[in-house]
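Chemist: What shape does this take:
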Amino acid sequence: MNRLLAIASNTFREAIRDRVLYSILFFAAGVLLLSVTVSEITIGDGEKVVRSIAQGAIRLFSSGIALFLGVGLVYKELERKTIYTIASKPIPRWLFLLGKYAGLMGVLAVELILLGALYTVVISLQQEFPPGAVFISWLMLYLELGLLTAWALLFSSYSSPTTATFFSLAVYVIGHLADDIALFGQNTANEMLQTLSQVLYWLLPNFELFNASEMAVHGMAIPSAHFFGALAYGLGYSTIVLVIAARVLSTRDFK
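Modeler: Residues are numbered from 1 along each chain as shown. Here you go, the predicted model:
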């Protein structure tokens, strides 16, 4: 446990110092603040538009942080050659990977808290204090970020950051189109496309399962079955991906 905490805390400190993190946070905060001005030029319910833009900004920029920091975690250790020191010590590679994952999830938790606090202040000043559904939607977003980070770690465990970024981004986009892919397969007459769409739907993550932003924007209560279903799906799927990533990393030769 001490070794896991040491790796996680070291990863947390390194990620906090990363300039990419602050660049993305800066733009995220800027979009949140500028979203308030949209209500003045919007026809219709401007307050809902503001909430929708702000929620979308938090989701988009949080995913960007998880992706761009996640794909470089293993590669940075290789680039600095610190992975050779770690590999020579009695530290299982799965423990090393899990520590990296925990450290980055700590960074994402801090990032979500900061952006969530800014959102709460901005919306409270312009409208009213956000309902509970907003905070639950952020918990579901955190589950989504955990799954995205697991995929980024899997790809980074055997490829360069550029390749890992491409694959992670592809999984993220396809994961948000999972329901559309399944619907396309049901409506097409091509059997090969039907099979392919079903394979993609069941193998790749369904990130839309974690998306409760629309319900939060409209002040609708998020059903407990929806939340706990997303919780079980996110934890289970993330565990499977991390196990595969640990297996891949354990077979890699660093000599």
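Chemist: Closest to the centroid, which residue in the protein?
Modeler: Taking CA atoms, centre = their mean, the centroid of the chain lies closest to residue 145, which sits 2.0 Å from it.
Chemist: For the residue lying closest to that residue once chain neighbours are set aside, which residues are in contact?
Modeler: Ranked by CB to CB, 6 or more residues apart in numbering and with sequence neighbours excluded, the top spatial neighbour of residue 145 is residue 66, at 4.6 Å. Using the backbone N, CA and C atoms, a C-beta is placed for each residue, glycine as well. By CB atoms under 8 Å, 6 or more residues apart in numbering, residue 66 lies in contact with 104, 108, 145, 148-149, 152.
Chemist: cool, residue 160 as well?
Modeler: Residue 160 makes contact with residue 75, according to CB under 8 Å, 6+ apart.
Chemist: Give me the distance between it and residue 211.
Modeler: As judged by CB to CB, to the nearest Å, residue 160 and residue 211 stand 30 Å apart.
Chemist: Could you do residue 227 as well?
Modeler: Look at residue 227 and residue 211: by CB to CB, they are 12 Å apart.
Chemist: Return every residue with contacts to both of those two.
Modeler: Shared contacts of residue 227 and residue 211, counting by CB under 8 Å, 6+ apart, come down to residue 140.
Chemist: Just confirm the residue nearest to the centre of the chain contacts residue 62, I think it does.
Modeler: Yes - between residue 145 and residue 62 there is a contact under CB atoms under 8 Å: 5.8 Å.
Chemist: okay, and the common contacts of those two?
Modeler: Taking CB under 8 Å, 6+ apart as the criterion, residue 145 and residue 62 both touch 108, 112.
Chemist: ranges for the helices of the stretch 1-150 of the chain?
Modeler: Under the criterion DSSP state H, counting those that start in this stretch, the stretch 1-150 of the chain contains helices at 2-16, 19-38, 46-70, 73-79, 82-87, 93-126, 132-156.
Chemist: Ranked by average pLDDT, which of those helices falls at the bottom?
Modeler: When the helices of the stretch 1-150 of the chain are compared by mean pLDDT, helix 82-87 comes last with a mean of 63.
Chemist: Return the backbone torsion pair for residue 189.
Modeler: phi -90, psi -10 (degrees, to the nearest 10).
Chemist: Show the pLDDT at it.
Modeler: Predicted confidence (pLDDT) for residue 189: 73.
Chemist: who's in contact with stretch 217-228?
Modeler: 48, 51-52, 55, 131-133, 136-137, 139-140, 212, 215-216.
Chemist: Recalculate using a threshold of 7 Å.
Modeler: Contact with stretch 217-228 is made by 48, 51-52, 55, 131, 133, 136-137, 140, 212, 215, as judged by CB atoms under 7 Å, 6 or more residues apart in numbering.
Chemist: Stretch 54-64 now?
Modeler: Applying CB under 7 Å, 6+ apart, the contact partners of stretch 54-64 are 24, 27-28, 31-32, 35, 108, 111-112, 115, 119, 122-123, 141, 145, 148, 172, 213, 216-217.
Chemist: List only buried entries from the residues you listed.
Modeler: 24, 28, 31-32, 35, 108, 111-112, 115, 119, 122-123, 141, 145, 148, 172, 213, 216-217 (16 or more other CB atoms under 10 Å).
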